[in-house]
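Visitor: Show me the folded form of this:
(one chain, ligands or ions: 1)
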Amino acid sequence: MKPPETVPYSLPRLPDEDAIRAARALRDRLRQRRSCRHFSDEPVPRAVIEAAIEAAGSAPSGANHQPWHFAVVASPARKRAIRRAAEAEERRFYGEDGGDPRASAEWLAALGELGTDADKPFLETAPFLIVVFAQRKGGIEEDGRTQNYYVNESVGIACGMLIATLHEAGLATLTHTPSPMGFLREACGRPEWEKPAMIVVVGHPGASATVPAHALRKKPLEQMSSWL
Ligand code: IYR
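Guide: Numbering: from 1, shown residues only. Sure thing, here's the model as predicted:
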């Protein structure tokens, strides 16, 4: 195989102090992000969502196949349909349908810190639901056949960049994973080789929004890193 074509790459070189300042400044902004479960119905410019998706689309990915699709749901009817289907799954998950919960007792106890339940009004209130799909196949051309690689990792990184960009734009987000979420493929008209990864709920926080105090507990650097 002949060597691939290359293009030059360089970055503006920051003095160490500026690099430290820049890293700390972004850290401090990202530390303000919370998973928000109380949204207002205030509209958000579509251009912000477009730019955030383009930021997400710049994420590294296996063989640069970019195995993601972002289905942006704004239509009230479709949001309502997604809410209905999600809540039906969640009622089974939490055992709110009268049956045995699908979640283990340990899982339900862990969620007790967050105070979540099967009610998901934010799926209708928030102006945008970005339903993220992971493409098991397709390559850059999305031919539905070419094998993709490290799909979950790639999509996870892209979602991180998506929520970071939306946060920078002053918007609240929730990475929501109804369980199971196969219904989203049909709800968004996506092909069978795509698997829903998560819903990123986007909007402004509601006027009386709160977050669980548990969400403020973050691991300190000493715990989450080792230097070898
Ligand atoms: N999908 C459920 C349960 C849930 C699970 C985890 I792990 C969370 O961090 C939060 C919620 C729900 O959305 O309620």
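
Visitor: Grab the nearest non-local neighbour of residue 169.
Guide: Spatial nearest neighbour of residue 169, chain neighbours left out: residue 48 (4.8 Å); criterion: Cβ to Cβ, 6 or more residues apart in numbering. All C-beta atoms are positioned from the backbone trio N, CA, C, and that covers glycine.

Visitor: do residue 208 as well
Guide: residue 38 (7.0 Å).

Visitor: if I pick the one you found, what's in contact with it?
Guide: 122, 205-206, 208-210 (Cβ atoms under 8 Å, 6 or more residues apart in numbering).

Visitor: Buried subset of those residues, written for PyMOL?
Guide: Listed next is the PyMOL selection for buried residues among those, using 16 or more other Cβ atoms under 10 Å:
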select buried, resi 122+205+206
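
Visitor: Now flag whichever of the contacts of residue 38 is closest to the ligand.
Guide: Within those, the smallest distance to the ligand is 10.1 Å, found for residue 122 (Cβ to the nearest ligand atom).

Visitor: can you give me the offset of stretch 149-169 from its chain's centre?
Guide: With Cα atoms, centre = their mean, to the nearest Å as the basis, stretch 149-169 stands 7 Å off its chain's centre.

Visitor: Show me which residues of that stretch are buried.
Guide: Here stretch 149-169 shows 151, 154-155, 157-159, 161-169 as buried, counting by 16+ other Cβ under 10 Å.

Visitor: do the same with stretch 43-63
Guide: Here stretch 43-63 shows 44, 48-49, 52-53, 55-56, 59, 61 as buried, counting by 16+ other Cβ under 10 Å.

Visitor: can I get those in JSON lines with pLDDT?
Guide: Below are these laid out as JSON lines (pLDDT from 0 to 100):
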{"residue": "44", "pLDDT": "98"}
{"residue": "48", "pLDDT": "98"}
{"residue": "49", "pLDDT": "99"}
{"residue": "52", "pLDDT": "99"}
{"residue": "53", "pLDDT": "99"}
{"residue": "55", "pLDDT": "99"}
{"residue": "56", "pLDDT": "99"}
{"residue": "59", "pLDDT": "99"}
{"residue": "61", "pLDDT": "98"}
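
Visitor: Greatest separation within those residues: which pair is it?
Guide: 44 and 61 (26.6 Å; Cβ to Cβ).

Visitor: who touches residue 2 in this structure?
Guide: Per Cβ under 8 Å, 6+ apart, neighbours of residue 2: none.

Visitor: could you measure the residue nearest to residue 44 when sequence neighbours are not counted against residue 59, distance?
Guide: Among residues not flanking residue 44 along the chain, residue 127 sits closest, at 4.9 Å (Cβ to Cβ, 6+ apart). Separation of residue 127 from residue 59 (Cβ to Cβ, to the nearest Å): 24 Å.

Visitor: repeat for residue 19
Guide: In terms of Cβ to Cβ, residue 19 sits 22 Å off from residue 59.

Visitor: Which single residue in this protein comes nearest to the ligand?
Guide: For the chain, Cβ to the nearest ligand atom, closest residue to the ligand: residue 116, 3.9 Å.
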